[in-house]
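[1] no sequence for this one, just the structure:
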């Protein structure tokens, strides 16, 4: 492709140092959002502070409803979206949990809301540091969930998120997750795209509800019974049919997500694997690490070191967590012998969520691979390359011995420094 | 004062809703919509109004309704309004939030307080039937002293919250009490707020035959007794100025008031009230009117 001198300068000028939070805020501005509603919470707050700044400087013509809680923030956005506006917000951890009631309301009502989640641990005990626990707790509410690795990806995924959410074939809410601090507060060069190009990529919202059009009377979300209702005015679906439609839509959204990603790549020249997952050095690999977000970034470093040891190891990074791309994963993993999963989250009482989701997805394979999951970095404990390397070594050792266990193993735990503590009495570990 | 001939003939609620016979709320909603007209969007939390508004796929009114989870009435109204502002339609369309006493004084108080503090330009109407009627008569923060509910089988031990005063503390431009049994007063008040910018709050007594324990045909009688005994004074606070509404004016004189026992004894919910509690009611009413007098004199 020939790039003119003028274009070269333009490109240079549009690359600026931005934190992940500010990258999200710029994407929200350039998507020409109509209503924002948010409540401050660390580490998300810089997103909405930046949006407030854009509005006060006249760079974004949006209404910012500065609510008294995250529960209200999502309630405002549900109503504003149903009234026909493009809407967005950002939150973290406890804020997301407080929103919880409204999340299935948004998806059940098919409202194209975009939420940025700077991930953070859940209390108790209080932690303002990062892990993926908040992100995974909303896996069953019917939202599309992306996890990003760097600031450019946060910006690009947001732009795609609006287009996916508002696709008339879907109308689904989308969450763009990225690691608190590691991504949210670290500045990286981010290329901001030309406004006209973005306007062409994201057309104006044509909402399927649009309460603001009062020429049509609408009763949005009344009580819906277990059965079909037939009346002289017409026939209405039951709750079961509405929820069937939501599930079908999510299943079918994977192709649309890939389509939007490909169109983005064509228009803007940046791509993220196939838009659903990213593969690193997988061509000759018989060992694969599976991870998302900052854990995946750390694994990029780890596989280079492990390769120098002679291991044929690659990395598959999950970008789309919901809908879970099981079909795609089966394709990529069908000839792989050994898989090691690193989770910065737990399905408490079971194991790391990525670990068990992957096991379920690969169950149908003819040659089932060995899979071992590890827990890393809860509450912001550093995830070091050496942890990933140790995990891979331990897993390969177990695979060799034919050991299979669901029991979680925490890497980077420092019980050795707590020798005064008796594990069973202090931690009440049964 | 308007008379009954001034009420618009047009009905905005279709006949045959699922509201109970003698429902005070249905009457309030009917009159409110007549006053506000067709260019209105209502937001409704879980409540008896959800029931009135009908089931899946259908809407029992001529205006659009947005159903929202219990705690979010004030927030959902803020969202609808923000979107209308975004679209330049906020001056054309009225946003009406219509919630019960549980949805207002208990679970929804935070979202309402937030919306009021932000000066959100909408009307919030709390129809107060003084308990969680839609879920089977459990006590709310608005249930009066001594009332038997399914969660206070021995009678409520504490008095009800004064929600209009809480809203007054927000410094909003308009607060009014109203009563389903005084539809003309109600109509006039809803008409008045249509052109007031900012948050407008109504606290409306809504007699409830099954929840209060009286015959559906007596809704107007019970509602009027609440005024005639001085239990539910009708007033407005417009930009901080207190005004007694016409139907309550004569009860400034205590001799004009009927004994509170007339109101209490007409409803089964008060049946476990003893003389001591009745005395507390008499004392409370005295104090309420003392305060009203002093507020009127201060203006």
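    The structure has been received and is ready for your questions. Quantities reported herein were computed from a predicted structural model and do not represent experimental measurements. Numbers count the residues shown, from 1 in each chain, chains lettered A, B, ... in the order given.
[2] list the beta-bridge partners for residue B:177.
    Beta-bridge partners recorded for residue B:177 (DSSP bridges): residue B:203.
[3] quick one: contacts for it?
    By C-beta atoms under 8 Å, 6 or more residues apart in numbering or on different chains, the contact list for residue B:177 reads B:164, B:202, B:203, B:204, B:205, B:232, B:233, B:234, B:235, B:245. Every C-beta, even on glycine, is put in place using the N, C-alpha and C of the backbone.
[4] swap in residue B:216?
    Residue B:216 neighbours (C-beta under 8 Å, 6+ apart): B:20, B:21, B:22, B:209.
[5] residue B:40 is in contact with residue B:96, correct?
    Yes - contact criterion C-beta atoms under 8 Å: residue B:96 and residue B:40 qualify, at 5.5 Å.
[6] quick one on the thing from earlier: now the contacts of residue B:177 as a markdown table including pLDDT, neighbour count and distance to residue B:251?
    What follows is these, written out as a markdown table (pLDDT from 0 to 100; neighbours: other C-beta atoms under 10 Å in any protein chain shown; distance: C-beta to C-beta, whole Å):
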| residue | pLDDT | neighbour count | distance to residue B:251 |
| --- | --- | --- | --- |
| B:164 | 98 | 17 | 17 |
| B:202 | 98 | 27 | 20 |
| B:203 | 98 | 25 | 18 |
| B:204 | 98 | 28 | 18 |
| B:205 | 98 | 25 | 14 |
| B:232 | 98 | 24 | 10 |
| B:233 | 98 | 21 | 7 |
| B:234 | 98 | 24 | 9 |
| B:235 | 98 | 18 | 11 |
| B:245 | 98 | 21 | 11 |
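[7] which of these fall in strands?
    B:202, B:203, B:204, B:205, B:235 (DSSP state E).
[8] for the fourth one, which non-adjacent residue is spatially closest?
    When you say that, I think you mean residue B:205. residue B:179 (4.5 Å; C-beta to C-beta, 6 or more residues apart in numbering or on different chains).
[9] quick one: pLDDT of the one you found?
    pLDDT for residue B:179: 98.
[10] can you check residue A:225 too?
    So residue A:225 comes in at 93 (pLDDT).
[11] so who does it touch?
    Going by C-beta under 8 Å, 6+ apart, the list of residues near residue A:225 reads A:238, A:239, B:55, B:56.
[12] residue A:114 too?
    A:28, A:31, A:87-89, A:158, A:161-162, A:165, A:173-176.
[13] distance of it relative to chain B?
    15 Å (C-beta to the nearest C-beta, to the nearest Å).
[14] quick check: mean pLDDT of the host helix or strand of that residue?
    Here residue A:114, judged by DSSP states H and E, is contained in strand A:113-119. Average pLDDT, strand A:113-119: 98.
[15] can you report how many residues neighbour the nearest residue to residue B:71 once chain neighbours are set aside?
    Excluding the flanking residues, the one nearest residue B:71 by C-beta to C-beta, 6+ apart is residue B:107, at 4.6 Å. Other residues within reach of residue B:107, judged by other C-beta atoms under 10 Å in any protein chain shown, total 20.
[16] now swap in residue A:243 and tell me
    16.
[17] count of neighbours near residue A:264?
    The burial count for residue A:264: 21, using other C-beta under 10 Å.
[18] in this structure it contacts residue A:158, no?
    No - using C-beta under 8 Å, residue A:264 is not in contact with residue A:158, being 11.0 Å away.
[19] give me the common contacts of those two.
    Counting by C-beta under 8 Å, 6+ apart, nothing touches both residue A:264 and residue A:158.
[20] filter the contacts of residue B:216 down to the buried ones.
    Buried by 16 or more other C-beta atoms under 10 Å in any protein chain shown: B:20, B:22, B:209, out of the contacts of residue B:216.
[21] for the residues you listed, which one is nearest chain A?
    Checking the buried ones among the contacts of residue B:216 against chain A by C-beta to the nearest C-beta gives residue B:20 as the nearest, at 15.9 Å.
[22] tell me which residues touch residue 142, please.
    Picking chain A for this. Going by C-beta under 8 Å, 6+ apart, residue A:142 touches A:103, A:104, A:107, A:108, A:172, A:173, A:246, A:247, A:250.
[23] sorry, I should have been clearer: chain B.
    B:101, B:102, B:104, B:105, B:106, B:128, B:130, B:131, B:160, B:161, B:163.
[24] my read is it is in a strand, agree?
    No - Residue B:142 is assigned coil when assessed by DSSP: H, G, I helix; E, B strand; the rest coil, not a strand.
[25] so what pLDDT did the one residue in the stretch 101-250 of chain B that gets nearest to chain A get?
    Going by C-beta to the nearest C-beta, chain A is nearest to residue B:114 of the stretch 101-250 of chain B, at 3.5 Å. Turning to residue B:114, the model gives it a pLDDT of 98.
[26] what does residue B:1 give?
    With respect to pLDDT, residue B:1 scores 77.
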